[in-house]
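Enquirer: Here is a sequence with its predicted model. Questions after.
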Amino acid sequence: MGSEGPSVVTVHVTGFKKFHGVSENPTETIVSNLKGYMQKNGMPKGLVLGSCSALETAGEGALLELYDLLGSAMDVQDNESSNPGRLIWLHLGVNSGATRFAIENQAVNEATFRCPDELGWKPQASYRIPIVSEDGGITRSRETSLPVNDIAKALAKKGYDVVPSDDAGRFVCNYVYYHSLRFAEEHKTKSLFVHVPLFLTINEDTQMQFVSSLLGVLASLN
């Protein structure tokens, strides 16, 4: 087969704004500073860094914002590339109790929030509400098509304390990831969610280095 030219991966990154118990979300800081950081420290070969956005920490009430971002990224990709499958959505969320990074393998079709989101929505466990009703019940899950174990191993070799995870929680992180994975399957793109600790646990500079390294790993995937 003939060569189709160098492979390029476009990665769009989201974080979240503040929410209950976390007045300063590290992922908002990361996405706000990421483009400048990458320009200063060097972009990995084969990587195009797309949009970097901080989402409202909300489920149902923030879906329009999420789908506007997903859709606009697809529009740009369709206009600029004949290979839309080389688009990755990287979602960052904070786990305030974590001491290391976690690469999330899946999201579950269950909307059960431990506290109200930032728009006041709090689906209760007693109601057993699926995130997407047409997908079936709350036991349905969607997995990323990216090699989570390989990504975690590659980052661990670089010295980061990172693990693969099968539990993205049941709050807004899981909610957004489920919708993103569903969108990715429909549009033949890819989606990945990564939980980070607070800056008090792993400092900002280390977390910026981690995300830069993660982007490099994603760019190197076949």
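Expert: Okay, I see it.
Enquirer: all contacts plus neighbour counts: C-alpha atoms, from now on.
Expert: Fine.
Enquirer: Find the residue at the geometric middle of the chain.
Expert: In the chain, the C-alpha nearest the mean C-alpha coordinate belongs to His91, at 1.5 Å (CA atoms, centre = their mean).
Enquirer: Low-confidence stretches in the chain?
Expert: Along the chain, the parts satisfying pLDDT under 70 run over 1-6, 77-85, 222.
Enquirer: show me where it has strands.
Expert: Assigned strands in the chain, in chain order: 9-16, 47-55, 87-94, 101-104, 106-108, 141-143, 162-165, 190-196 (criterion: DSSP state E).
Enquirer: Which elements pack onto the second one?
Expert: Strand 47-55 sits against strand 9-16, helix 26-41, helix 63-80, helix 204-220, with contacts defined as 3 or more CA pairs under 8 Å, 6 or more residues apart in numbering; DSSP states H and E.
Enquirer: partners of that strand, with directions?
Expert: Using DSSP bridges, the strands paired with strand 47-55 are strand 9-16 (parallel).
Enquirer: what's near enough to touch the residue nearest to the centre of the chain?
Expert: Listed by CA atoms under 8 Å, 6 or more residues apart in numbering, the contact partners of His91 are 13-15, 177, 191-194.
Enquirer: now, the most widely separated pair of those residues?
Expert: Gly15 and Ser191 (13.6 Å; CA to CA).
Enquirer: Comparing the helices and strands packed on strand 47-55, which stretch has the densest surroundings?
Expert: strand 9-16 (a mean of 23; mean count of other CA atoms under 10 Å).
Enquirer: what's that one in contact with?
Expert: 25, 27-28, 30-31, 46-57, 73, 86-93, 215, 218-219.
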